[in-house]
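Peer 1: Fold the following, please.
(one chain, ligands or ions: 4)
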Amino acid sequence: MRLKEENAYKNEVEKENGGRVRLKEECRCKGEVEKENERVTSQRLYSTMVSGAYQQKLVVGYALTSKKVKSFLQPKLEGLARNKGILFVAIDLHRPLSDQGPFDIVLHKLTGKEWRLILEDYGQRHPEVTVLDPPDAIQHVYNRQSMLQDVADLNLSDCYGKVGVPRQLVIKNDPLSIPDAVTRAGLTLPLVAKPLVVDGSAKSHELSLAYDQLSLSMLEPPLVLQEFVNHGGVLFKVFIVGETIKVVRRFSLPDVSKRELLNNAGVFQFPRVSTAAASADDADLDPGIAELPPRPLLEKLARELRRRLGLHLFNIDMIREHGTRDRFYVIDINYFPGYGKMPGYEHIFTDFLLGLVQSKQKRCPANNS
Ligand SMILES: O=P(O)(O)O[C@@H]1[C@@H](OP(=O)(O)O)[C@H](OP(=O)(O)O)[C@H](O)[C@H](OP(=O)(O)O)[C@H]1OP(=O)(O)O
Ligand SMILES: Nc1ncnc2c1ncn2[C@@H]1O[C@H](COP(=O)(O)OP(=O)(O)O)[C@@H](O)[C@H]1O
Ligand SMILES: [Mg+2]
Ligand SMILES: [Mg+2]
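Peer 2: Ligands and ions are numbered 1, 2, ... in the order given. As a prediction, the model looks like this:
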């Protein structure tokens, strides 16, 4: 690229990046966001010079924790996105959202009421921007009772297998009432006790296994008490990105035998299981346990949940009842999970973003520029 053209392009980038340039002038402290956006601008210049034909298609503003930025926004994803004309820009939480961008998509996973209100207001003022995903839809899966409600309502029982949720009971307060409440509800031990609300904290993932009824009064509400389902120690993590589904196997809690149940009492907190480090994809497993859930079943489940939950980005923790071929339970739904560990997520995610904007343009051609 000749110097004149390069300068002309620099001007064009500066113009296009109006919001970000203004941000540079306005922002007194040279913060992380500014540095990030400078880096992005120079990367864009570089990619133009290398490819010769740069065409930016969409700008994705993101509001994610630093942990999530590290695991999700990996260099391979950013590089691929850049080649496809997608630019990721960090949202500055200290400045009004409407002064930033303009964005085509806002990608976010932050908890807290303040952020929710900001996004709701922004969504109303900027209907042309796709907010991934709507805050109230995300809120619905941050509660372990409501997250499974849609699976229970689905009644998926004639689609290459049956999918349900374990029987469960919500305890809002008074731990002393738990043993009676469990008897009345007719729940069978052992039970998994899970904090009712998932708020991104380590505490919301502190789960316990309860072997006897009396010890249940030692638990700290608000919580969900869920029947433990023997599943051969293997769990299926079903990642969903729009219409794409990817399944991986993870190790999980081992089965609890009748004898073990008789010989044990108490409530035992267990460490985080089924994390990425517990991959069981390459393990030598009993085929009856390891066989993935049937594809048509997953497709129907994902399609229905996408529609009912109003979410594009989530995963489902699913187990097969040990000793059955086709009896499945959904035990957990996570919003914007650890996609960095989903095989091929870079291509899947970038294609998904492009597809979103294309389908929006088809629906509202007047917005095309
Ligand atoms: O820590 P990661 O990257 O494995 O992702 C966590 C998820 O793990 P997974 O992708 O299912 O293996 C994790 O899934 P689980 O609840 O462990 O099944 C949660 O989604 C977690 O988010 P939060 O703490 O509930 O807000 C996710 O944490 P964040 O990345 O959103 O902080
Ligand atoms: N009803 C259940 N039956 C058997 N195992 C369960 C059940 N619920 C949870 N588990 C085990 O506990 C782990 C964590 O539970 P989960 O509901 O997924 O909570 P989290 O949101 O912290 O991942 C699961 O990965 C699984 O190994
Ligand atoms: Mg889980
Ligand atoms: Mg979870």
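Peer 1: And the strands in the stretch 151-300 of the chain, which stretches?
Peer 2: 162-164, 168-171, 191-195, 207-210, 223-227, 234-241, 244-251, 267-270 (DSSP state E, counting those that start in this stretch).
Peer 1: which one of the ones you listed lies closest to ligand 4?
Peer 2: Nearest to ligand 4, of all these, is strand 191-195, at 8.7 Å by Cβ to the ion. Where you see a C-beta, it was placed from the backbone N, CA and C, and this is true even at glycine.
Peer 1: Direction included, what does the closest one pair against?
Peer 2: Paired strands of strand 191-195, with direction, are strand 207-210 (antiparallel), strand 223-227 (antiparallel) (DSSP bridges).
Peer 1: sorry, back to before: with mean neighbour count, distance to ligand 2 and mean pLDDT as new columns, can the strands of the stretch 151-300 of the chain be given to me in a markdown table?
Peer 2: Below are the strands of the stretch 151-300 of the chain laid out as a markdown table (neighbours: other Cβ atoms under 10 Å; distance: least, Cβ to the nearest ligand atom, whole Å; pLDDT from 0 to 100):
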| stretch | mean neighbour count | distance to ligand 2 | mean pLDDT |
| --- | --- | --- | --- |
| strand 162-164 | 19 | 11 | 96 |
| strand 168-171 | 18 | 8 | 98 |
| strand 191-195 | 22 | 4 | 98 |
| strand 207-210 | 21 | 5 | 98 |
| strand 223-227 | 22 | 4 | 98 |
| strand 234-241 | 22 | 5 | 98 |
| strand 244-251 | 18 | 7 | 98 |
| strand 267-270 | 13 | 7 | 96 |
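Peer 1: picking up where we left off before, got CSV for the strands paired with strand 191-195, with distance to Leu97 too?
Peer 2: Output for those, formatted as CSV (distance: least, Cβ to Cβ, whole Å):
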stretch, distance to Leu97
strand 207-210, 35
strand 223-227, 34
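Peer 1: hang on, the earlier thing: will you turn the strands of the stretch 151-300 of the chain into CSV that also has distance to Arg303?
Peer 2: Putting the strands of the stretch 151-300 of the chain into CSV (distance: least, Cβ to Cβ, whole Å) gives the following:
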stretch, distance to Arg303
strand 162-164, 13
strand 168-171, 24
strand 191-195, 27
strand 207-210, 29
strand 223-227, 25
strand 234-241, 10
strand 244-251, 9
strand 267-270, 33
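Peer 1: dump the residue contacts of Leu225.
Peer 2: 168-171, 178, 182, 187, 191-193, 210, 216, 219 (Cβ atoms under 8 Å, 6 or more residues apart in numbering).
Peer 1: Of those residues, which are in range of ligand 4?
Peer 2: With Cβ under 5 Å from the ion as the criterion, the contacts of Leu225 include none near ligand 4.
Peer 1: Quick check: the two most widely separated of the residues you listed?
Peer 2: Spanning the widest gap among the contacts of Leu225 are Val170 and Ala210, at 15.1 Å by Cβ to Cβ.
Peer 1: And for Gly340, the neighbour number?
Peer 2: Under the neighbour criterion other Cβ atoms under 10 Å, Gly340 is assigned a count of 16.
Peer 1: Use 45 as the first number for this chain going forward.
Peer 2: Got it, the first residue is 45 from now on, which makes the last one we talked about Gly384.
Peer 1: my guess is it meets Pro119, correct?
Peer 2: No: taking contacts as Cβ atoms under 8 Å, Gly384 lies outside contact range of Pro119: 11.6 Å.
Peer 1: And the pLDDT for Tyr204?
Peer 2: Reported pLDDT at Tyr204 in the predicted model: 89.
Peer 1: Relative to Ala324, which of the strands of the stretch 195-344 of the chain is closest?
Peer 2: Nearest of those (Cβ to Cβ): strand 288-295, 4.1 Å.
Peer 1: So that closest one, near ligand 3 or not?
Peer 2: No: judged by Cβ under 5 Å from the ion, strand 288-295 stays clear of ligand 3, getting no closer than 9.0 Å.
Peer 1: swap in stretch 312-325?
Peer 2: No: on the criterion Cβ under 5 Å from the ion, stretch 312-325 is out of touch with ligand 3, staying 6.0 Å away.
Peer 1: angle of whichever strand or helix holds Ile360 against strand 288-295?
Peer 2: Using DSSP states H and E, the element containing Ile360 is strand 357-364. When axes from the mean of the first three to the mean of the last three Cα atoms, to 10 degrees is applied, the directions of strand 357-364 and strand 288-295 differ by 50 degrees.
Peer 1: Mind giving me the packing neighbours of strand 357-364?
Peer 2: Where contact means 3 or more Cβ pairs under 8 Å, 6 or more residues apart in numbering; DSSP states H and E, strand 357-364 is packed against strand 278-285, helix 339-353, strand 371-379.
Peer 1: tell me which residues in stretch 152-171 are buried?
Peer 2: His152, Lys153, Leu154, Thr155, Trp159, Arg160, Ile162, Leu163, Tyr166, Gly167, His170 (16 or more other Cβ atoms under 10 Å).
Peer 1: so the fifth one sits in a strand?
Peer 2: Translated: Trp159. No: counting by DSSP: H, G, I helix; E, B strand; the rest coil, Trp159 is not found in a strand; it is helix.
Peer 1: I'd say it and Leu108 touch.
Peer 2: No: look at Trp159 against Leu108 with Cβ under 8 Å: they stay out of range, at 11.4 Å.
Peer 1: Overlap of the contact sets of the two?
Peer 2: With Cβ under 8 Å, 6+ apart as the test, Trp159 and Leu108 both reach His152.
Peer 1: buried residues in stretch 134-153?
Peer 2: 134-136, 141, 144-145, 147-153.
Peer 1: Would you mind telling me which of the strands of the stretch 195-344 of the chain is nearest Gly388?
Peer 2: strand 288-295 (7.3 Å).
Peer 1: Quick one: list the elements packing against the closest one.
Peer 2: strand 278-285, helix 339-353, helix 389-407.
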